[in-house]
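1. got a predicted structure here, sequence first:
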Amino acid sequence: MDQQMLSDLCEQVGKAATDAAAFIRSQVGKVSSAEIETKERNSLVSYVDKQAENILVEALKPLIPNAGFITEEDTVDNSRQEYTWVVDPLDGTTNFLKQIPVFSVSVGLAHNGEFLLGYIVDIMHDDHYYAWKDGGAWVNGNSIHVSKTEKLSEGIIGTGFPYHDPEKLNVLAEMFQEVLIASRGVRRLGSAALDLAYVASGKLDAFYETTLNAWDIAAGVILVREAGGTVTDFDNGGEFVHIKELIASNSHLHNVLGEIVRKHR
């Protein structure tokens, strides 16, 4: 796809993401406890996640015939094709259910495994973050860039915790403690997609997490890269999807943060 095709496609993806975000926003405070399912420990889902995913899938299907889908809620058969949509209809479901205003819609497009396009909606702030390969990164029509912070001691770092895997928590707590001491502060927002959008826009200087799924990061990876940042696994490689660990940063902080997380892996 050339730049014009990607730009046009991103606009169409944006319309689908906007519709899904509007539906989710309309349901804030309306989900009863009886309508909430537990997928695994501290991982919740409701009809809102599933309906938002249906909205996205039905809108995305015509855009690239024969494209595959990888989705969190499995409302469509998951399959990887030459082009594959990677969809998280509601990243931050627990925040949504508790009416904590930090949750998002995330749509990524991969071409033969390489992330090509990403669109994230910060639902309650109505901020639209998007990027496509070699097209820069944007929010609401304005160009965005990663921060210029050069010292970890001056950095604000985002992270998350895999509550469904308690065996890892002791190690991750040690990792968190060292990052906390070494940095200006650590934030745990509850939406990895927004963490990455915030790195891309300079709100966060870096982000690290383990036990991430493809739909958590697909859109955010291309955003950070197009905003001038760096995304790798903990070993500075490109296997972050397969081994489910990721560091995203403004590049200046990447090595020093990587040294800390590798020490406590």
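-> Perfect, thanks for sending it.
2. so Val57, which state does it fall into?
-> Recorded secondary structure, Val57: helix (DSSP: H, G, I helix; E, B strand; the rest coil).
3. residues near it, how many?
-> As a burial measure, the neighbour count of Val57 was computed by other CB atoms under 10 Å and equals 19. No exception for glycine: its C-beta is placed from N, CA and C like everyone else's.
4. that one against Val76, yeah?
-> Yes - contact between Val57 and Val76 holds when scored by CB atoms under 8 Å: they sit 5.0 Å apart.
5. between these two, which contacts overlap?
-> In the contact map built from CB atoms under 8 Å, 6 or more residues apart in numbering, the residues linked to both Val57 and Val76 are Phe69.
6. any chance you could map the strands in the stretch 51-200 of the chain?
-> Applying DSSP state E, counting those that start in this stretch to the stretch 51-200 of the chain gives strands spanning 68-71, 83-91, 104-111, 114-122, 127-132, 137-139, 142-143, 156-159, 185-187.
7. quick one: strands adjacent to the last one?
-> This means strand 185-187. Paired with strand 185-187 in the same sheet, following DSSP bridges, are strand 156-159 (parallel).
8. quick one: mean pLDDT over the strand it pairs with.
-> The pLDDT scores in strand 156-159 average 98.
9. over to stretch 232-246?
-> On average, stretch 232-246 scores 92.
10. what lies in contact with it?
-> With CB under 8 Å, 6+ apart as the contact definition, stretch 232-246 has outside contacts at 113, 207-214, 217, 221, 231, 247, 254-255, 258, 261-262, 265.
11. one more: stretch 173-182?
-> Contacts to stretch 173-182, defined as CB under 8 Å, 6+ apart, come from residues 152-153, 157, 159, 186, 208, 256-257, 260-261, 263-265.
12. distance from that stretch to the middle of the chain?
-> For stretch 173-182, the separation from the chain centroid amounts to 22 Å (computed by CA atoms, centre = their mean, to the nearest Å).
13. can you show me the CA trace of it as PDB?
-> Below are the C-alpha coordinates for stretch 173-182, written out as PDB (Å, rounded to 0.1, in the frame of the first residue of the first chain):
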ATOM      1  CA  ALA A 173       7.400  -6.100  42.300                       C
ATOM      2  CA  GLU A 174      11.200  -6.100  42.600                       C
ATOM      3  CA  MET A 175      11.400  -4.800  39.000                       C
ATOM      4  CA  PHE A 176       8.800  -2.100  39.800                       C
ATOM      5  CA  GLN A 177      10.600  -1.000  43.000                       C
ATOM      6  CA  GLU A 178      13.900  -0.400  41.200                       C
ATOM      7  CA  VAL A 179      12.100   1.500  38.300                       C
ATOM      8  CA  LEU A 180      10.300   3.500  40.900                       C
ATOM      9  CA  ILE A 181      13.400   4.500  42.700                       C
ATOM     10  CA  ALA A 182      15.400   5.200  39.500                       C
END
